[in-house]
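Novice: After the sequence you'll find the predicted model.
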Amino acid sequence: MKRIFYLGLIGLALFEVMNVYFIMPMPGSQRMNSLDFAYFLYSYRWYIRIFFGLLVIYSARATFQNTKRKWIPIIAMLPVLGIIYLFNFVMIADHMFEQPKVLTFKSQKENVLSDSSMVVAVENNGQVKAYPIQFIVYHHQVRDVVGGKPMMITYCSVCRTGRVFEPKVKGELENFRLVGMDHFNAMFEDATTKSWWRQATGEAVTGKLKGEALPEVESFQIRVDKLFEQYPHALVMQPDEVSKINYDSSRRFETGKSRSKLTGTDSLSWKDKSWVVGIDIGGESKAYDWNLLKAKHIINDKIGVKKLVLVLSADEQSFIAFENPFDAAEFTVRNDTLFAGEATYDFSGHDFSRAANQLKIVKSYQEFWHSWRTFHPQTKRYE
């Protein structure tokens with residue numbers, strides 16, 4: 001009976017550790033292809049807990065009766081109870097990183113953020129809203145409505161990936177919670193089927209809805225001052241008072257000065273934590289080295305049959321990519337004005353001579369090189 005008692009305790013402790021180990025950034029866990037096993041453990045967690053719990057309950061009386069030092073089994077139970085508490089009430093992703101309690105937005109006149117703050121911005125139906133990176137790196141998810149459309153603004157600091165999705169599954173609005181990570185990328189769980197969704201791609205990677213994808217909303221990364229220059233009526237998210245203590249107030253992550261092993265930046269090119277701008281067109285993808293982009297400020301290139309231009313603002317933080325509609329002309333940039341032949345455009349792609357004429361924006365993402373190559377394994381490198 002003693003063996004059964006201690007087997008039950010060990011089984012409970014190991015299970016609680018394993019149930020979290022595979023979906024949190026622990027040594028070695030994020031480099032394994034263990035997602036389906038992690039989901040199995042999570043899906044059957046109560047059956048496993050009940051099994052080992054019954055072993056403990058079944059053998060407890062006999063164990064205490066046949067043990068001279070009654071404190072030994074009690075001492076053995078204490079670390080197990082501690083592990084259960086730690087891995088179920090402390091190390092839970094959506095408890096560690098909570099969504100904002102109240103969403104507050106301010107216009108340019110009332111905005112309290114620094115002009116140099118970086119935001120992930122969305123434009124829809126004439127409305128522009130922006131979400132500061134220093135806030136959303138903590139929240140991981142912000143639910144909002146932009147121009148009448150429900151949106152899910154997401155960010156993973158370990159991958160440096162900002163993505164915006166419509167929170168719709170098969171046409172129906174869905175709620176999501178942060179559940180953990182896989183290959184260093186945040187994962188969300190939908191409330192209905194409990195499937196797990198990858199933040200970098202919006203794809204359900206395990207569960208009943210595996211293979212489904214959330215509709216992505218076009219977004220862009222830009223400095224606050226540049227945002228208001230291009231969109232004077234934009235609204236910027238302000239700090240949530242409840243979460244304020246958790247924000248990156250020094251903006252070390254945002255500016256690439258973090259020294260964290262998970263979120264720090266490598267200043268060299270093509271290292272795991274180097275910055276790249278990733279672009280995917282029609283299933284073909286390419287990564288552009290951030291250091292090279294800073295040196296050139298503009299890159300004319302082609303992905304598949306699509307000609308494109310990638311531009312970095314003079315502020316060396318805001319960037320944007322457009323399709324190049326000209327057969328022969330390439331773009332140049334000066335003071336954030338784009339030139340192609342006789343045509344000139346502002347940084348948002350609007351033609352100065354014909355305001356209604358706008359360059360077609362190409363989705364482009366700043367992220368860590370390890371993230372882009374993991375989720376775009378066939379990517380090419382621009383060199």
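Specialist: All right, it came through fine.

Novice: When you work out contacts or count neighbours from here on, use the C-alpha atoms and nothing else.
Specialist: Noted.

Novice: So, low pLDDT: which residues of the stretch 251-383 of the chain?
Specialist: Counting by pLDDT under 70, the stretch 251-383 of the chain contains low-confidence ranges at 355-356.

Novice: What segments of it are strands?
Specialist: Along the stretch 251-383 of the chain, counting by DSSP state E, counting those that start in this stretch, strands occupy 275-281, 284-289, 298-303, 306-312, 319-323, 332-334, 337-340, 343-345, 361-362, 364-368, 380-382.

Novice: Just the CA trace of the second one, in PDB.
Specialist: Output in PDB follows, covering the C-alpha atoms of strand 284-289 (Å, rounded to 0.1, in the frame of the first residue of the first chain):
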ATOM      1  CA  GLU A 284       6.200  32.200 -51.300                       C
ATOM      2  CA  SER A 285       8.100  34.000 -48.500                       C
ATOM      3  CA  LYS A 286      11.200  36.000 -48.100                       C
ATOM      4  CA  ALA A 287      13.000  37.500 -45.100                       C
ATOM      5  CA  TYR A 288      14.800  40.900 -45.200                       C
ATOM      6  CA  ASP A 289      17.600  41.600 -42.700                       C
END
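
Novice: partner residues bridging the residue nearest the centre of the chain?
Specialist: Central residue of the chain (Cα atoms, centre = their mean): residue 156, 2.5 Å from the mean position. Per DSSP bridges, the residues bridged to residue 156 are residue 161.

Novice: Tell me, what's the model's pLDDT at it?
Specialist: Note on residue 156: pLDDT of 97.

Novice: For it, list the residues it contacts.
Specialist: 137, 140, 162, 185, 186, 199, 200 (Cα atoms under 8 Å, 6 or more residues apart in numbering).

Novice: Same list (those residues) but as a markdown table, adding distance to residue 213, neighbour count and pLDDT.
Specialist: Conversion of those to a markdown table gives the following (distance: Cα to Cα, whole Å; neighbours: other Cα atoms under 10 Å; pLDDT from 0 to 100):
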| residue | distance to residue 213 | neighbour count | pLDDT |
| --- | --- | --- | --- |
| 137 | 22 | 23 | 96 |
| 140 | 18 | 27 | 97 |
| 162 | 16 | 26 | 97 |
| 185 | 16 | 25 | 98 |
| 186 | 15 | 26 | 97 |
| 199 | 11 | 27 | 98 |
| 200 | 11 | 22 | 97 |
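
Novice: The residues you listed in strands, which ones?
Specialist: Counting by DSSP state E, the contacts of residue 156 place 162, 185, 186 in strands.

Novice: which one among those gets closest to residue 241?
Specialist: Using Cα to Cα, residue 162 is the member of the ones in strands among the contacts of residue 156 that lies nearest residue 241, at 22.6 Å.

Novice: Which residue is the nearest non-sequential neighbour of the closest one?
Specialist: Among residues not flanking residue 162 along the chain, residue 155 sits closest, at 4.4 Å (Cα to Cα, 6 or more residues apart in numbering).

Novice: what's the distance between the one you found and residue 131?
Specialist: 10 Å (Cα to Cα, to the nearest Å).

Novice: can you give me the strands for the stretch 51-200 of the chain?
Specialist: Under DSSP E, counting those that start in this stretch, the stretch 51-200 of the chain gives strands at 105-106, 118-124, 127-132, 141-146, 149-156, 161-165, 168-169, 172-173, 176-182, 185-190, 196-198.

Novice: Quick check: which of these is buried the most?
Specialist: strand 196-198 (a mean of 27; mean count of other Cα atoms under 10 Å).

Novice: Can you tell me the strand partners of whichever helix or strand comes after that one and which way each runs?
Specialist: Using DSSP states H and E, the helix or strand that follows strand 196-198 in sequence is strand 204-206. The strands beside strand 204-206 in its sheet (DSSP bridges) come out as strand 196-198 (antiparallel).

Novice: starting at the chain centroid, how far to the partner strand?
Specialist: Averaging C-alpha positions (Cα atoms, centre = their mean, to the nearest Å) puts strand 196-198 11 Å from its chain's average.

Novice: of the strands of the stretch 51-200 of the chain, which approaches residue 297 most closely?
Specialist: strand 118-124 (17.8 Å).

Novice: other SSEs contacting that closest one?
Specialist: strand 127-132, helix 133-139, strand 141-146, strand 219-223 (3 or more Cα pairs under 8 Å, 6 or more residues apart in numbering; DSSP states H and E).

Novice: Which segments of the chain make up each domain?
Specialist: For the chain, automatic domain parsing gives the domain ranges 2-91, 105-246, 275-382.

Novice: Straight-line length of the last one, end to end?
Specialist: In other words, domain 275-382. 13 Å.

Novice: got it, and the second one?
Specialist: Using Cα to Cα, the span of domain 105-246 from its first residue to its last is 19 Å.

Novice: What of stretch 364-379?
Specialist: 14 Å.

Novice: List the buried residues in that stretch.
Specialist: 364, 365, 366, 367, 368, 369, 370, 371, 372, 373, 376, 379 (16 or more other Cα atoms under 10 Å).

Novice: Just flag the most distant two among those residues.
Specialist: Taking Cα to Cα, no two of these sit farther apart than 364 and 370, at 16.2 Å.

Novice: For the residue lying closest to residue 35 once chain neighbours are set aside, list each beta-bridge partner.
Specialist: Excluding the flanking residues, the one nearest residue 35 by Cα to Cα, 6+ apart is residue 182, at 6.9 Å. Beta-bridge partners of residue 182, counted by DSSP bridges, are residue 185.

Novice: dump the residue contacts of residue 182.
Specialist: 22, 23, 24, 30, 35, 198.

Novice: and the residues you listed, which of them are in strands?
Specialist: Short answer: these in strands (DSSP E) are residue 198.
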